[in-house]
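Trainee: what follows is a predicted protein model with its sequence.
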Amino acid sequence: MSEIDHSQLPEVSALRTVGEHVELDLGRDLADSPRYNDDIAPTRAEVRTWTRWNVAALWVGMAICVPTYTLGGVLTAYFGLSVGEALWTILIANIVVLIPLTLNAFPGTRYGIPCPVVLRASFGIIGSNVPSLIRAIVACGWFGIQTLFGGIAIHLLLSALFDGWAALGGTGEVIGFFIFWVANLTVVIRGSESIKHLESLAAPMLLVVALGLLVWAIPKVSMTELLAVPANRPEGASFFGYFMAGLTAMVGFWATLSLNIPDFSRFARSQRAQVAGQIIGLPLTMLLFAGLGVVLTAASLELVGETVSDPINLIGRIDSPFWVVLAMLMIILATISTNTAANIVSPTNVFQNVAPKYINENKGVILTGLIGLALMSWELLKKLGWLDTEVSLESLYSNWLIGYSSLLGPIAGIMVVDYFLIKNQAYDVLALYQDDAGYPAWNKAGFIAFGIPVALAILALKMPVFGWFYTYGWFTGSILGGLIYYFAARNERERT
């Protein structure tokens with residue numbers, strides 16, 4: 001957002017309703033508040049331009065990425081599912097996650113406020129920083145992982161163009177990481193319209209590339225034989241337990257966005273646009289690209305002589321510089337479109353929420369980039385040959401999906417219950433940007449509802465008999481967190 005000249009403002013802020021939106025007429029009382037800056041303020045009418053197709057394009061751009069491609073392999077290798085079971089699990093998980101995604105988008109669309117400000121209503125004006133920072137650290141970790149993939153794609157692109165670049169090996173990948181790092185931060189610094197245009201450009205191109213790769217691979221593999229491959233789990237083992245673990249991990253894949261979806265829905269033209277766009281853009285795109293990953297991985301043995309589950313390295317082995325360059329450009333575009341929207345916008349808003357008067361949007365973007373760099377530093381040092389470790393990115397990735405879903409589930413449940421059942425879809429927006437103006441600094445109900453499910457999940461790690469509570473962490477956490485918050489918040493309201 002552009003900065004507003006505060007010297008010409010009226011003394012007192014006011015709200016007005018424009019259609020289904022609530023607009024803010026800023027006054028000096030809010031402008032001078034330590035909880036306000038122009039970048040996390042309610043979006044103005046002229047920037048609420050995203051149609052259902054822009055929202056759908058956002059999801060296509062975010063869903064078509066290297067981690068999505070590997071989901072089928074993660075479910076078959078780590079969660080004991082067959083290929084058919086894995087694809088059904090991915091589809092069901094993304095239908096399930098649509099529920100908190102669309103519901104938590106409502107306050108963003110109505111009031112134009114980002115996720116950290118929404119969380120002020122349920123966790124308190126200052127307390128909102130706790131769940132926000134949890135979400136931000138997860139996003140910074142994902143930013144590092146996606147930037148690593150993007151750096152590899154840049155390395156392979158330059159290797160196809162320049163004979164000497166390939167000899168750089170891991171050093172070339174690290175240089176590619178930093179080139180990609182700068183490109184991502186530049187897009188977000190340019191603002192929400194830059195992200196919208198990038199996603200709208202990337203979405204149709206990425207769908208064409210995905211379909212082209214599918215047409216290229218299908219003749220090389222028998223779909224009947226592929227779907228007939230038995231599941232990688234002990235004979236006689238119950239399907240339900242493995243399915244629920246895999247489902248939790250897949251829900252966890254977008255559990256992050258189910259919290260900070262207001263960061264994007266605040267730019268939507270209407271509630272209908274955000275709901276329709278998410279339904280159009282998410283489930284089938286995830287199924288298509290994860291299915292493509294399963295098919296290409298199966299076909300890779302015939303295509304390049306060995307099984308390769310990473311699309312970047314698979315395409316990099318094509319014996320045609322032209323097709324390698326073209327494919328790498330598409331992968332770079334795909335990864336930028338995912339990274340900027342899914343992994344930079346959220347922590348940028350979170351860091352501003354911590355100290356609005358000291359951290360603006362540009363500083364938040366740079367801080368996000370530096371933390372993402374720090375979290376991936378071990379992998380970069382490994383590529384440079386300066387660090388020797390057996391920890392693989394793939395194993396970290398598969399375990400991480402369940403782990404952080406146990407943290408994010410309760411927050412998603414609390415947000416939905418607070419807006420729809422406790423606040424009855426009505427926020428005091430002016431009070432959300434001020435101390436001691438209606439919302440507490442720390443909301444006890446929010447922290448009780450968050451703390452109990454998280455404590456039980458940690459306990460479940462130590463007590464195998466309760467292991468299911470951790471394994472199904474997003475479901476147990478969101479349901480229990482929402483229930484506890486409902487009763488705790490009602491009790492708190494009755495006492496006051």
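Mentor: Good, I have the coordinates.

Trainee: what about residue 100, helix or strand, and which?
Mentor: helix 83-111 (DSSP states H and E).

Trainee: mind listing what's buried in that helix?
Mentor: 83, 85-94, 96-98, 100-111 (16 or more other Cβ atoms under 10 Å). C-beta coordinates here come from the backbone N, C-alpha and C atoms, glycine included.

Trainee: now do stretch 424-444
Mentor: For stretch 424-444, by 16+ other Cβ under 10 Å, it's 427, 429, 430, 431, 432, 433, 434, 439, 440, 443.

Trainee: output the below-cut-off pLDDT ranges for the stretch 251-400 of the chain.
Mentor: 309, 318, 389-400 (pLDDT under 70).

Trainee: now the helices for it?
Mentor: 262-265, 271-281, 283-304, 311-316, 321-339, 345-354, 361-375, 377-383, 393-417 (DSSP state H, counting those that start in this stretch).

Trainee: turn those into CSV, including distance to residue 180.
Mentor: Formatted as CSV, those follow (distance: least, Cβ to Cβ, whole Å):
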stretch, distance to residue 180
helix 262-265, 22
helix 271-281, 24
helix 283-304, 20
helix 311-316, 12
helix 321-339, 7
helix 345-354, 17
helix 361-375, 11
helix 377-383, 12
helix 393-417, 16
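
Trainee: make JSON lines out of these and add distance to residue 164 and mean neighbour count.
Mentor: Below are the helices of the stretch 251-400 of the chain laid out as JSON lines (distance: least, Cβ to Cβ, whole Å; neighbours: other Cβ atoms under 10 Å):
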{"stretch": "helix 262-265", "distance to residue 164": "42", "mean neighbour count": "29"}
{"stretch": "helix 271-281", "distance to residue 164": "41", "mean neighbour count": "21"}
{"stretch": "helix 283-304", "distance to residue 164": "23", "mean neighbour count": "21"}
{"stretch": "helix 311-316", "distance to residue 164": "17", "mean neighbour count": "21"}
{"stretch": "helix 321-339", "distance to residue 164": "14", "mean neighbour count": "21"}
{"stretch": "helix 345-354", "distance to residue 164": "37", "mean neighbour count": "26"}
{"stretch": "helix 361-375", "distance to residue 164": "27", "mean neighbour count": "19"}
{"stretch": "helix 377-383", "distance to residue 164": "18", "mean neighbour count": "17"}
{"stretch": "helix 393-417", "distance to residue 164": "27", "mean neighbour count": "22"}
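
Trainee: so which of the ones you listed comes closest to residue 171?
Mentor: Of all the helices of the stretch 251-400 of the chain, helix 377-383 sits nearest to residue 171, with 7.5 Å by Cβ to Cβ.

Trainee: return the distance of that closest one from the chain's centre.
Mentor: 23 Å (Cα atoms, centre = their mean, to the nearest Å).

Trainee: which strands and helices sit next to that helix?
Mentor: If you count contacts as 3 or more Cβ pairs under 8 Å, 6 or more residues apart in numbering; DSSP states H and E, helix 377-383 packs onto helix 129-161, helix 170-189.

Trainee: tell me which of those sits most buried.
Mentor: Highest mean neighbour count of the helices and strands packed on helix 377-383: helix 129-161, a mean of 24 (counted as mean count of other Cβ atoms under 10 Å).

Trainee: distance between it and the chain's centre?
Mentor: Counting by Cα atoms, centre = their mean, helix 129-161 comes out at 12 Å from the chain centroid.

Trainee: one step back: now the two most distant members of the buried residues of stretch 424-444.
Mentor: Farthest pair in the buried residues of stretch 424-444, by Cβ to Cβ: 430 and 443, 17.7 Å.

Trainee: next, format the buried residues of stretch 424-444 as JSON lines and append pLDDT and secondary structure.
Mentor: Formatted as JSON lines, the buried residues of stretch 424-444 follow (pLDDT from 0 to 100; DSSP: H, G, I helix; E, B strand; the rest coil):
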{"residue": "427", "pLDDT": "95", "secondary structure": "coil"}
{"residue": "429", "pLDDT": "95", "secondary structure": "helix"}
{"residue": "430", "pLDDT": "96", "secondary structure": "helix"}
{"residue": "431", "pLDDT": "96", "secondary structure": "helix"}
{"residue": "432", "pLDDT": "97", "secondary structure": "helix"}
{"residue": "433", "pLDDT": "96", "secondary structure": "coil"}
{"residue": "434", "pLDDT": "95", "secondary structure": "coil"}
{"residue": "439", "pLDDT": "94", "secondary structure": "coil"}
{"residue": "440", "pLDDT": "95", "secondary structure": "coil"}
{"residue": "443", "pLDDT": "96", "secondary structure": "coil"}
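
Trainee: can you show me the CA trace of the helix or strand where residue 455 lies as PDB?
Mentor: Using DSSP H and E, residue 455 sits within helix 444-462. Taking C-alpha atoms only, helix 444-462 is exported to PDB below (Å, rounded to 0.1, in the frame of the first residue of the first chain):
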ATOM      1  CA  LYS A 444      -7.200 -15.900  28.100                       C
ATOM      2  CA  ALA A 445      -9.800 -17.900  26.200                       C
ATOM      3  CA  GLY A 446      -7.700 -18.000  23.100                       C
ATOM      4  CA  PHE A 447      -4.600 -19.200  24.900                       C
ATOM      5  CA  ILE A 448      -6.500 -21.800  26.900                       C
ATOM      6  CA  ALA A 449      -8.000 -23.200  23.700                       C
ATOM      7  CA  PHE A 450      -4.700 -23.200  22.000                       C
ATOM      8  CA  GLY A 451      -2.600 -24.500  24.900                       C
ATOM      9  CA  ILE A 452      -4.600 -27.600  25.800                       C
ATOM     10  CA  PRO A 453      -4.600 -29.300  22.400                       C
ATOM     11  CA  VAL A 454      -0.900 -28.400  21.900                       C
ATOM     12  CA  ALA A 455       0.000 -29.800  25.300                       C
ATOM     13  CA  LEU A 456      -2.000 -33.000  24.600                       C
ATOM     14  CA  ALA A 457      -0.200 -33.400  21.200                       C
ATOM     15  CA  ILE A 458       3.200 -33.100  23.000                       C
ATOM     16  CA  LEU A 459       2.100 -35.600  25.600                       C
ATOM     17  CA  ALA A 460       0.900 -38.000  22.900                       C
ATOM     18  CA  LEU A 461       4.500 -38.000  21.500                       C
ATOM     19  CA  LYS A 462       5.700 -39.400  24.800                       C
END
